[in-house]
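Q: Give me coordinates for this.
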Amino acid sequence: MRPLASSRRLAGQARRPTATEGSAPSGVARLGWGTDSRRRVEEAMLNGDEEAPPPLKLAFGGGGIYFWWELGCIQWLSEHYDLRKTLMVGASGGALAATLAATGVDSEAALESAHRLGKQYGIWERPLGLMGVWGQIVREWLEELLPENAGELCRDRVEVLVTKLPFLELASISDFTSKADLIDANIASVHVPFFMDGQFSTLTRGEWCIDGSFQDFITSSNSDLLTCGGNTVLFDYLQDSYLASERADFMSLKEYDEVKKLMDLGYRHAQRLYDGGEFDRFDSSMCRQGWRWRLWPQWSFGS
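A: The predicted structure is shown next:
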């Protein structure tokens, strides 16, 4: 999977304003379009252009157990930004990450629920670990964590990628009709053949599907549907040099403390992305809790 290229950053990182400049009501910032993006859209509107720049997105790739690293990234984002209207796209475990982020599920609650279900299913005692039962665990986990209006919260805002059979066609699902429909799409996106429930594929919306990151795994890259032509901030565990010592079998079972460590590494990775200016493309008015910068909000996703 490709690392973030430095060319994706805005030319000339904006100066960090002082806390007294344009103070706004307390709260977290909403990831949205920064000054340059807003200016391009305004110019397009004034000039009568039919096409304006597409909205930016947060993207989460697949990675098996490294879903927990992505959840650590989301924990940092949710502490500093309002993600309720941010556009997201995810494949496999990244689809789960985007879904939890968009519905406001607490990262620690997600971990505690997964740990409890794991003990309930005896995954640490089973000779094959998660093999054959992971699909049911993920379904029960989502049913427990997601709010009843999860389908509405994610509709046209979260894109869940699946691989359709028989031609291995990568497709995006975002027109969710209900919580159950959203869960079905996620189950399809994470369906590693045979591993999840002993079946090669899973049926969703009348079509047989497998893992949404299948092509990425085969090609060692990220699909166009995930990267959106560079129009995303991509969270890919292969970007994290601090994770190098942790990389092993990405489908391997981890103990509770190991999962917590992955989340912590993801959290720190998101902080480094912010420090490096990667989020400036979304909104140059950064606002941090505690020692936050308080600025007037700019354009937001879906506003």
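Q: from here on, contacts and neighbour counts on C-alpha atoms
A: Will do.
Q: Can you name every helix or strand that the longest strand seen in the chain contacts?
A: Ranked by residue count, the top strand of the chain under DSSP state E comes out as strand 158-164. When contacts are defined as 3 or more C-alpha pairs under 8 Å, 6 or more residues apart in numbering; DSSP states H and E, strand 158-164 sits against strand 88-91, helix 93-102, strand 169-173, helix 179-189, strand 207-210.
Q: can you list contacts of that strand?
A: 87-92, 95, 98-99, 102, 169-174, 185-186, 188-189, 207-214, 225-226 (C-alpha atoms under 8 Å, 6 or more residues apart in numbering).
Q: Quick one, which of those are buried?
A: Buried members of the contacts of strand 158-164, counted by 16 or more other C-alpha atoms under 10 Å: 87-92, 95, 98-99, 102, 170, 172-174, 185-186, 188-189, 208-214, 225-226.
Q: Strands of the stretch 1-150 of the chain, residue ranges please.
A: Along the stretch 1-150 of the chain, counting by DSSP state E, counting those that start in this stretch, strands occupy 29-30, 57-60, 81-82, 88-91.
Q: Compile these into TSV and extend it with columns for distance to His115 and mean pLDDT.
A: As requested, those are arranged in TSV below (distance: least, C-alpha to C-alpha, whole Å; pLDDT from 0 to 100):
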stretch	distance to His115	mean pLDDT
strand 29-30	31	58
strand 57-60	22	96
strand 81-82	27	84
strand 88-91	23	98
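Q: among the ones you listed, which is nearest Leu146?
A: strand 88-91 (16.6 Å; C-alpha to C-alpha).
Q: now the closest one, how far from the chain's geometric center?
A: 5 Å (C-alpha atoms, centre = their mean, to the nearest Å).
Q: now swap in stretch 55-74 and tell me
A: 4 Å.
Q: Just the C-alphas of it, formatted as PDB.
A: Extracted C-alpha coordinates of stretch 55-74, given in PDB (Å, rounded to 0.1, in the frame of the first residue of the first chain):
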ATOM      1  CA  PRO A  55     -15.100  17.000  -1.500                       C
ATOM      2  CA  LEU A  56     -12.100  15.600   0.400                       C
ATOM      3  CA  LYS A  57     -12.400  12.400   2.300                       C
ATOM      4  CA  LEU A  58     -10.800  10.300   5.000                       C
ATOM      5  CA  ALA A  59      -9.800   6.900   3.700                       C
ATOM      6  CA  PHE A  60      -9.100   3.700   5.600                       C
ATOM      7  CA  GLY A  61      -7.500   0.800   4.000                       C
ATOM      8  CA  GLY A  62      -7.600  -2.900   4.900                       C
ATOM      9  CA  GLY A  63      -5.200  -4.500   7.200                       C
ATOM     10  CA  GLY A  64      -6.700  -7.300   9.300                       C
ATOM     11  CA  ILE A  65      -5.700  -6.900  12.900                       C
ATOM     12  CA  TYR A  66      -4.400  -3.400  12.100                       C
ATOM     13  CA  PHE A  67      -7.900  -2.200  12.200                       C
ATOM     14  CA  TRP A  68      -7.100  -1.400  15.800                       C
ATOM     15  CA  TRP A  69      -4.300   0.900  14.600                       C
ATOM     16  CA  GLU A  70      -6.900   2.700  12.400                       C
ATOM     17  CA  LEU A  71      -9.200   2.900  15.400                       C
ATOM     18  CA  GLY A  72      -6.400   4.600  17.300                       C
ATOM     19  CA  CYS A  73      -6.200   7.200  14.500                       C
ATOM     20  CA  ILE A  74      -9.900   7.700  14.700                       C
END
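Q: buried residues in the longest helix seen in the chain?
A: Longest helix in the chain, counting residues (DSSP state H): helix 256-275. Buried positions in helix 256-275, judged by neighbour count with 16+ other C-alpha under 10 Å: 259-270, 273.
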